[in-house]
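Novice: following is a predicted model, sequence given first.
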Amino acid sequence: MLSARSLLVRGMLVGLVAGVAAYLFATLFGEGPLGQAIGFESAHGHSHGEAGEPELVGRAVQSTLGLATATLVYGVALGGLFALAFAVAYGRIGRFDARATAALVGLGGFLTVAFVPFLKYPANPPATGDPDTLDQRTGLYFLMIVIAVAVGLLALQLGRWLHGRYGAWNATILAVGAYAVLVAVVQLALPTIGEVPDGFPALVLWKFRLASLGTQFVTWATLGLLFGALTERHLRLRSAPATRASTPV
């Protein structure tokens, strides 16, 4: 048996590693387009005679200590939640071992928490949003996450219910199809917010969005793969003494 405490500690430690990986990825691929977006914002403001607001925290601190703190805290918190999700899923979503279960939880987390919301409300760099709509955009984004996760859980239950009648393969296809249809309907119903100003470089916007999604992918992939490997190793080491004890001399 796996104790909740050991899973939680392991999840937070793996989350710390995932936070480091996310920080490195965001630094390598996200800081470039982010800097270009800030440069566009400054140039656009000067051309309209607008005085820039004073920075409470310098850009150098934001891109190093600030980014590292954000990714590490996010990684540790997400790692704890991932461990709890793994504890619920292990042994209940099929005859999968610890490594496969963790990989499936990681894949499901990335799809529902990151990818599906990204399709409707992708990340935007500075200079592409109206400050007056910040609360609305934030609320809609988190609403999309909640809906994507809730519909994902419903689809999982649907797949389990259909398993006995149609078999694993057909049940999975039907559940995934139902999830895609429901999510598409929700995304069509929710309002679309497009605030990218004229003249903003499309390539910079595209690179920033890819870097943002890639950072999420690195985080979830690290959680799914590393947590599963460590948990499977832990189970194997625990079962070894019991196996030796039961072997007749």
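Specialist: In hand now; what should we look at?

Novice: contacting residues around the nearest residue to residue 130 once chain neighbours are set aside?
Specialist: Spatial nearest neighbour of residue 130, excluding adjacent residues (Cβ to Cβ, 6 or more residues apart in numbering): residue 195 at 5.2 Å. To be clear about C-beta, it is placed using only N, CA and C from the backbone, and glycine gets the same treatment. When contacts are counted by Cβ atoms under 8 Å, 6 or more residues apart in numbering, residue 195 touches 124, 128, 129, 130, 133.

Novice: those in helices, which ones?
Specialist: For the contacts of residue 195, not one is inside helices, with DSSP state H as the criterion.

Novice: tabulate those (a markdown table), appending pLDDT and neighbour count.
Specialist: Below are the contacts of residue 195 laid out as a markdown table (pLDDT from 0 to 100; neighbours: other Cβ atoms under 10 Å):
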| residue | pLDDT | neighbour count |
| --- | --- | --- |
| 124 | 86 | 19 |
| 128 | 77 | 18 |
| 129 | 72 | 15 |
| 130 | 75 | 11 |
| 133 | 81 | 12 |
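
Novice: go through these and name the one nearest residue 80.
Specialist: Closest approach to residue 80 among the contacts of residue 195 (Cβ to Cβ): residue 124, at 28.7 Å.

Novice: picking up where we left off before, residue 230: which of the contacts of residue 195 is nearest?
Specialist: residue 124 (35.9 Å).

Novice: low-confidence ranges, the protein, go.
Specialist: Scanning the chain for pLDDT under 70 picks out 1, 41-42, 44-61, 63, 240-249.
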